[in-house]
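Asker: Return a 3D structure for these sequence lines:
(one chain, ligands or ions: 1)
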Amino acid sequence: MIIVIIGAQWGDEGKGKVVDLLADRFDIVARYQGGHNAGHSVYVGDRAFVLRLLPSGIIHADKTCVLGNGMVIDPKAFFEEVDQMTAQGIDINPDRLKVSARAHLIMPYHQALDHTSEERLGNEKIGTTLRGIGPAYEDKAGRRGIRVSDALSAETLRMRIERNLEEANRIIVLYGQQPLRADEIYNEIAPLIERLRPFVCETSHFLSEARKAKKKILLEGAQATLLDVDHGTYPYVTSSNPTAGGASVGAGIPPHHITGVLGIVRTYATRVGEGPFPTEMIDAEEEMADLIRQRGNEYGSVTRRPRRCGWFDAVATRYAAELNGFDSIALTKLDVLDALKEIKVCTGYEVEGKRIETFPAVSHDLSIIKPVYETLAGWESDTVGVTEFGRLPQKAKDYVRFLSDQVGVEIGLISTGPERDQTIILRDSVMEGWFLDPIAPAVAES
Ligand code: IMP
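Answerer: Reported below is the predicted structural model:
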């Protein structure tokens, strides 16, 4: 069994918790794109883990984790996280953590270039995480990137750093910053590569063998569908493909071996950084945005940037369901809406008075569309920690059913709090056994 888990919106849907919860069902958890721009929070009892590069499965001692070829890896950030996890009592060793020889490395000059690129864009900046993600993928596509396997040869590493830095420094200097020095970068990176060496693996072969041995593999997407470089709100996107197709390329797994796709959908929407956000709570709704931000702790788990908050956008989520082929949905953060008297859901878009059915390709169009809302009654009572669908207030059940109908995908799991056990497990008729036993009645029957 190979399952992909992907956020359906602009990220931060609560993938970390869901992956952590489902990890028990799997033998291997692999990431296939992105780098340390991600920030997953996982809460286990009174312990909190923040994961950026490592798959959430790392917290489970008996799981093997893979960083796939589609990722960009900053060796410094990698070992900072490994050391942090080790200090929190997690055993990390090359037997249970494999890094693709084909993944690309993020170098210090990529971070400098991320800064200059944002500065150059001024008011039109992307609002990146400034981790060097975009410039590293640019080098990959420009065929000058440094892969993990290249770096294993000290001579190649030194030569590539020198060659790439020559060009990077031209831009860095143009923006009034100090040029970086190749020898300093080499001296910083080379020892980290030596430390990385035992973790390096031909991960697609490893995953292929694991599949043949009937191991269960969970492919964990970072960022989310609407941040996909092809399908997201371009250019306000990340530089990789979080969508389901990206999982095949970025983990090196044949598409037809992927057995299912689970979408993570939050009961409202958020976005960090710039870019169109049709259902954003602004102007008269700013107070509502503050309430959601406080209740949902909507601040970047790594950067602490406040997230922009908005109503559930069914048009965007239908688009995500169609693109990824969601077989089921994990609906997160239901409890965050407990205090609301009324809840709006965007069910369609209008441009100049005309209804449009599809998600526009052009970001500008998205910034001028008018969301068409339906307003549902809030339940105004506490759902924190509810574990049975039948115990939810009727209006909360109605809201969940409404979202499921709007998106056209069955909901298999509902999260009612950040802890593992604050979860309602529903039957998944598409793929029995995805979720934990015992299986509760489906939404439709309750
Ligand atoms: P980058 O990935 O750092 O290049 O940033 C590009 C865009 O993706 C920016 O709007 C970021 O805020 C957003 N982004 C990157 N990673 C995440 C994430 O893990 N969650 C939410 N947004 C993200």
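Asker: can you list the weak-confidence ranges in the stretch 251-400 of the chain?
Answerer: Across the stretch 251-400 of the chain, nothing is flagged by pLDDT under 70.
Asker: Pick out the residue in it sitting closest to the ligand.
Answerer: Gly273 (2.4 Å; Cβ to the nearest ligand atom). Placement of C-beta: from N, CA and C, glycine included.
Asker: from the middle of its chain, how far away would the helix ranked longest in the chain be?
Answerer: Longest helix in the chain by number of residues (criterion: DSSP state H): helix 154-174. Relative to the chain's own centre, helix 154-174 is displaced by 30 Å; criterion: Cα atoms, centre = their mean, to the nearest Å.
Asker: list the buried ones in that helix?
Answerer: Leu157, Arg158, Arg160, Ile161, Asn164, Leu165, Ala168, Asn169, Ile171, Ile172 (16 or more other Cβ atoms under 10 Å).
Asker: ok, and which of the residues you listed reach the ligand?
Answerer: Applying Cβ under 6 Å from any ligand atom, the subset of the buried residues of helix 154-174 adjacent to the ligand is empty.
Asker: mind listing what the single nearest residue of the stretch 1-150 of the chain relative to the ligand touches?
Answerer: Among all residues of the stretch 1-150 of the chain, Gly11 sits closest to the ligand, at 2.7 Å; criterion: Cβ to the nearest ligand atom. Taking Cβ atoms under 8 Å, 6 or more residues apart in numbering, we find Gly11 in contact with Gln223, Ala224, Leu227, Thr270, Arg271, Val272.
Asker: which residue packs closest to Gly57, ignoring adjacent ones?
Answerer: Val29 (2.8 Å; Cβ to Cβ, 6 or more residues apart in numbering).
Asker: quick one: that neighbour is in a strand?
Answerer: Yes - under DSSP: H, G, I helix; E, B strand; the rest coil, Val29 falls within a strand.
Asker: okay but it is in contact with Cys65, surely?
Answerer: Yes - here Val29 lies in contact with Cys65, judged by Cβ atoms under 8 Å, at a distance of 5.2 Å.
Asker: Need the residues touching each of the two.
Answerer: With Cβ under 8 Å, 6+ apart, Val29 and Cys65 have common neighbours Pro55, Gly57, Ile58.
Asker: and the host helix or strand of Tyr373, which strands flank it?
Answerer: Element membership for Tyr373, per DSSP states H and E: strand 370-377. Its sheet considered, strand 370-377 pairs with strand 342-351 (antiparallel) by DSSP bridges.
Asker: Mind checking what helix or strand follows the partner strand in sequence?
Answerer: strand 354-356.
Asker: chain center to that following strand: distance?
Answerer: Distance, centroid of strand 354-356 to centroid of chain: 30 Å (Cα atoms, centre = their mean).
Asker: Can you list the helices and strands that it packs against?
Answerer: strand 342-351 (3 or more Cβ pairs under 8 Å, 6 or more residues apart in numbering; DSSP states H and E).
Asker: Pull the strand it packs on out as CSV, backbone CA atoms only.
Answerer: The C-alpha coordinates for strand 342-351 follow below in CSV (Å, rounded to 0.1, in the frame of the first residue of the first chain):
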residue,chain,number,x,y,z
GLU,A,342,-22.5,32.0,11.8
ILE,A,343,-20.0,30.4,9.4
LYS,A,344,-19.6,31.4,5.8
VAL,A,345,-18.6,29.0,3.0
CYS,A,346,-17.6,30.1,-0.5
THR,A,347,-19.5,27.9,-2.9
GLY,A,348,-18.8,29.8,-6.1
TYR,A,349,-16.9,32.7,-7.8
GLU,A,350,-18.3,35.6,-9.8
VAL,A,351,-16.4,37.9,-12.1
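Asker: Please list the residues outside it that contact it.
Answerer: 278-279, 311-315, 337, 355-357, 360, 365, 368-378, 399, 402-403, 406.
Asker: Give me the buried subset of these.
Answerer: Applying 16+ other Cβ under 10 Å to those flags 278-279, 311-315, 337, 360, 369, 371, 373, 376, 378, 399, 402-403, 406 as buried.
Asker: What is the neighbour count of the spatially closest residue to Ser248 that is not a sequence neighbour?
Answerer: Using Cβ to Cβ, 6+ apart and skipping residues adjacent in sequence, the residue nearest Ser248 is Pro255, 4.4 Å away. Using other Cβ atoms under 10 Å, Pro255 has 10 neighbouring residues.
Asker: again, but for the one 10 residues further on
Answerer: As a burial measure, the neighbour count of Val265 was computed by other Cβ under 10 Å and equals 26.
Asker: For beta bridges, what are the partners of it?
Answerer: Beta-bridge partners of Val265, as defined by DSSP bridges: Leu331.
Asker: can you pull the contacts of Ile161?
Answerer: Met107, Ile146, Ala182, Ile185, Tyr186, Ile189.
Asker: circling back: confidence score at the residue nearest to Gly57?
Answerer: pLDDT for Val29: 95.
Asker: Contacts only, for it.
Answerer: 19, 23, 55-58, 63-66, 217-218, 220.
Asker: who wins for neighbours among the residues you listed?
Answerer: Glu220 leads the contacts of Val29 on contacts (other Cβ under 10 Å) with 31 neighbours.
Asker: Tell me which residues of the helix or strand hosting Arg318 come out buried.
Answerer: Following DSSP H and E, one finds Arg318 within helix 314-324. The neighbour-count check on helix 314-324 (16+ other Cβ under 10 Å) flags Ala314, Val315, Ala316, Thr317, Arg318, Tyr319, Ala320, Ala321, Leu323, Asn324 as buried.
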